[in-house]
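Asker: Sequence first, predicted model second:
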Amino acid sequence: MSRVVIVNYGMGNIGSVANAFERLGARCLVSDDPKVLDLARGIVLPGVGAFHAAVENIRSRGLDDALSEQVLHRKKPFLGICLGMQLVAKDSVELGYALGLGWIDGHVLRLEPKPTRPVPHVGWNEVRHHSDLLFERVQEGAHFFFDHSYTLQCGPELITATCDYGGEWVASIRKDNILAVQFHPEKSQRNGLRLLRNFLNFIDAD
Amino acid sequence: MLKTRIIGVVLVREGIAVQSIGFRQYLPIGTPEIAIGYLDRWGIDEIVVLEIDATASRRCPLADRIRSYAQQCQVPLSVGAGADKVVINSAIVTAPETISEAARRFGTQCIVASIDVRLEADGTRMAFTDSGVRPTGLTAQQLAQRAEGLGAGEILITSIDRDGSQRGYDLELIQGVADVVRIPVIACGGAGHPEHMRAAMRCGVSAVAAANFFHFTEHSVIIVKQYLKSLGEPVRLDSHATYRSFRFNDAGRTGKRDDGVLEALRFHYVPEERI
């Protein structure tokens, strides 16, 4: 039985997420098979790409029902990364309008460029976190790598970390077993590995 | 706050990492994977691998080669294809629809438009493709704006004249491009001293990149970052070694520390963290 299943829905660079988990000695499997999700102890939804294309890919593979079953009903530990975080929202305005998985009450909006704020927001930003289990042993203000043009807006009760980029933006959220981050832990060197280790510990405690 | 990125560029020609001088002369460094691995361990913020003979021979970089590059690093990696970000050069001119299509599918944040620029005798800064040999007939600013319009998420701007010269970045070029686009700009070409990077940071860029410069000395990335940080520049310095108590000489290198400091160090053991 694989501990972690990384959901492959034909988007983004999944290899680096798998590499990072392997560095931590975790058994992980990359798959788009609902039956494999059924065997997972924890589920990771990575993501680089455009929202609407991602949603289409997830639906066309029958993964939306499978993911909802595993995460919402069977309450398996879930980690959304970047686009994988945005996909759990109700909807997004990226390149038009598209409905998301709707697991949390939130909307994905465009990050508007300003003269001192080019968009996409790309680079290493300091993350302010509020003692969530994902950030154990991660220093306050630790650097994580961000790369996005759209941003999640949701109620403060869900937010577990923020970053400052010409305003305060959501860096991570949590709702029960649903954890998600806007940045890329798999590209954030040691801080990223610490965060992924914390997710593995959360799976073990489950 | 968002930190200014220090990007390491690894140039690959016929499978070996090289140093480039003026886009004409190439000196071998060694295996690309080893260069990438060192940059990553020295705390670089991002790595760009440019296979500079890819366009010349009309072939795509091989997927398994990219996979082996990616295994060496835990920071974002941009390559010709298949990594975290895709670097596009000639296609901005020859196949603009591929950029728009890729941006629609993978999001604009994945597309880095790489623009090579030569300073002409009349003072204009013209963009070239195909490793600097094919003129586009457009200025750097024009091509940068076109790339932004097509959906590029970042612009990597390289001065051909400054490449490998260690004379510093072409600041006028960088400022000119940063002024006309609303996406992040990465400065490249000419770094020979941390002060050059500091000067480029004043030109509205999101990142400064260097290739040859990082290959010359041990811990080059950490030393550059400490130099910049000690002068108050917003850089990320997360590595175990920081060179915090070092002094820098005029060349931007670390000077020898006092014997007393070295003596005390002998008994200072810091075990490595196990994550």
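Answerer: Received it, and whenever you're ready, just let me know what you need. Note that the coordinates shown come from a computational prediction; the quantities given were computed from them, not determined experimentally.

Asker: Packing partners of the one helix or strand A:F145 maps to?
Answerer: A:F145 is part of strand A:142-148, with elements assigned from DSSP states H and E. The elements that strand A:142-148 packs onto, with contact taken as 3 or more Cβ pairs under 8 Å, 6 or more residues apart in numbering or on different chains; DSSP states H and E, are strand A:121-129, helix A:189-205. Heads up, the C-betas are built off the backbone N, CA and C, glycines and all.

Asker: immediately after that strand, which helix or strand?
Answerer: Strand A:142-148 is succeeded, C-terminally, by strand A:150-154 (DSSP H and E).

Asker: helices and strands around that following strand, which ones?
Answerer: With contacts taken as 3+ Cβ pairs under 8 Å, 6+ apart, strand A:150-154 sits against helix A:83-86, strand A:106-110, strand A:168-175.

Asker: Would you reformat these as JSON lines and include mean pLDDT?
Answerer: JSON lines is the format used below for these (pLDDT from 0 to 100):
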{"stretch": "helix A:83-86", "mean pLDDT": "96"}
{"stretch": "strand A:106-110", "mean pLDDT": "97"}
{"stretch": "strand A:168-175", "mean pLDDT": "97"}
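
Asker: Would you confirm that B:V79 contacts B:I88?
Answerer: No. Judged on Cβ atoms under 8 Å, B:V79 makes no contact with B:I88 at a distance of 11.0 Å.

Asker: now chain A, which segments are flagged as low pLDDT?
Answerer: For chain A, residues meeting the criterion pLDDT under 70 lie at A:1-2, A:12.

Asker: Pull out the CA atoms of the helix or strand bottoming out on mean pLDDT in chain B and give them to me as PDB.
Answerer: Across the helices and strands of chain B, mean pLDDT, DSSP states H and E gives its lowest value to helix B:259-265, namely a mean of 79. In PDB, the C-alpha atoms belonging to helix B:259-265 read as follows (Å, rounded to 0.1, in the frame of the first residue of the first chain):
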ATOM      1  CA  ASP B 259      43.400  33.800  14.000                       C
ATOM      2  CA  GLY B 260      41.400  34.100  17.200                       C
ATOM      3  CA  VAL B 261      38.200  33.500  15.300                       C
ATOM      4  CA  LEU B 262      39.600  30.500  13.500                       C
ATOM      5  CA  GLU B 263      40.900  29.100  16.800                       C
ATOM      6  CA  ALA B 264      37.500  29.400  18.400                       C
ATOM      7  CA  LEU B 265      35.900  27.700  15.400                       C
END
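
Asker: List of residues touching that helix?
Answerer: Under the criterion Cβ atoms under 8 Å, 6 or more residues apart in numbering or on different chains, residues B:S245 lie in contact with helix B:259-265.

Asker: What residues does chain B have near chain A?
Answerer: Within reach of chain A by Cβ under 8 Å from any Cβ of the partner chain, chain B has these residues: B:1-5, B:40, B:43, B:45, B:67, B:70-71, B:74-77, B:82-85, B:104-110, B:153-154, B:181-185, B:206-207, B:236, B:238, B:273, B:275.

Asker: A:E69 belongs to a strand, doesn't it?
Answerer: No. Counting by DSSP: H, G, I helix; E, B strand; the rest coil, A:E69 is not found in a strand; it is helix.

Asker: Now do the strands in the stretch 1-150 of chain B.
Answerer: Remark: strands assigned in the stretch 1-150 of chain B by DSSP state E, counting those that start in this stretch are B:5-13, B:16-21, B:25-30, B:46-51, B:77-79, B:85-88, B:111-119, B:125-129, B:134-139.

Asker: Switch those strands over to TSV; also include distance to A:L37.
Answerer: Below are those laid out as TSV (distance: least, Cβ to Cβ, whole Å):
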stretch	distance to A:L37
strand B:5-13	36
strand B:16-21	41
strand B:25-30	43
strand B:46-51	32
strand B:77-79	28
strand B:85-88	29
strand B:111-119	31
strand B:125-129	45
strand B:134-139	48
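
Asker: OK, contacts around B:N212?
Answerer: Counting by Cβ under 8 Å, 6+ apart, B:N212 has contacts B:Q19, B:S20, B:I21, B:G164, B:Q166.

Asker: Derive a PyMOL selection command for the buried subset of those residues.
Answerer: What follows is the PyMOL syntax selecting those of the contacts of B:N212 that are buried according to 16 or more other Cβ atoms under 10 Å in any protein chain shown:
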select buried, chain B and resi 19+20+164
